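Enquirer: here is a sequence with its predicted model. Questions after.
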Amino acid sequence: MERQKHLFTNILYDSMDYKKVGEHYVIRLEKGEKVIEKLTEFCKKTGTKSGHFAGIGGLSEAKIGHLSIEKKKYHSKVFKDSLLELISLQGNVTMSEGEVKIHAHILIGDSKFRTFGGHLMEAKVLPTCEIVLFPFSETINRKHNERIGLQLLDF
């Protein structure tokens with residue numbers, strides 16, 4: 001098992017790439033790239049103000065949050081392994097106060113076949129991550145809800 005820790009060390013860092021398929025985008029993230037950061041950059045670059053996305057791949061680490069309703073804040077934990085399988089990445093793109101807002105949930109698996117999931121705060125790709133983005137034709141906004149303590153969809 002010690003060998004597995006070095007399995008992807010020779011993969012060179014590259015940069016995100018994508019292909020437009022009809023109205024959708026197929027995005028490939030590379031080793032070392034941060035999922036939320038790069039997806040936000042991509043949406044700004046393409047003018048995507050709202051949509052839905054799904055993804056799979058691998059990660060070297062993931063910071064996952066769990067919401068405390070009573071405290072109105074997220075508690076987080078960082079997961080690291082030689083390779084975390086990105087089993088499922090689901091989320092949406094909205095706008096909040098004029099800025100792109102990525103809201104994502106994640107399910108990961110470690111080398112001992114344990115799974116963990118929750119709100120994705122950030123994750124680092126290893127060796128790759130594949131995301132399909134489905135832009136919406138209309139902008140969906142978020143607005144802070146004081147009672148709940150979250151930015152909710154604002155229709």
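Expert: Sure thing, it's come through.
Enquirer: neighbours around residue 35, how many?
Expert: If you count neighbours by other Cβ atoms under 10 Å, residue 35 ends up with 25. Quick note: C-beta positions are derived from backbone N, CA and C, even for glycine.
Enquirer: thinking it is in contact with residue 89, fair?
Expert: Yes - with contacts counted by Cβ atoms under 8 Å, residue 35 reaches residue 89, the gap being 7.3 Å.
Enquirer: tell me the pLDDT at the residue nearest to residue 75 when sequence neighbours are not counted?
Expert: Distances taken as Cβ to Cβ, 6 or more residues apart in numbering put residue 66 closest to residue 75, at 5.5 Å, once the chain neighbours are dropped. With respect to pLDDT, residue 66 scores 97.
Enquirer: hmm, back to that, what's the overlap in contacts for residue 35 and residue 89?
Expert: Shared contacts of residue 35 and residue 89 (Cβ atoms under 8 Å, 6 or more residues apart in numbering): 55, 104, 120, 129, 131.
Enquirer: now tabulate those residues in JSON lines and tack on distance to residue 98.
Expert: What follows is the shared contacts of residue 35 and residue 89, written out as JSON lines (distance: Cβ to Cβ, whole Å):
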{"residue": "55", "distance to residue 98": "26"}
{"residue": "104", "distance to residue 98": "20"}
{"residue": "120", "distance to residue 98": "23"}
{"residue": "129", "distance to residue 98": "27"}
{"residue": "131", "distance to residue 98": "24"}
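Enquirer: from these, which land in helices?
Expert: Within these, no residue falls in helices by DSSP state H.
Enquirer: buried stuff in the one helix or strand residue 37 maps to?
Expert: Element membership for residue 37, per DSSP states H and E: helix 35-46. Buried residues in helix 35-46, defined by neighbour count with 16 or more other Cβ atoms under 10 Å: 35-36, 38-40, 42-43.
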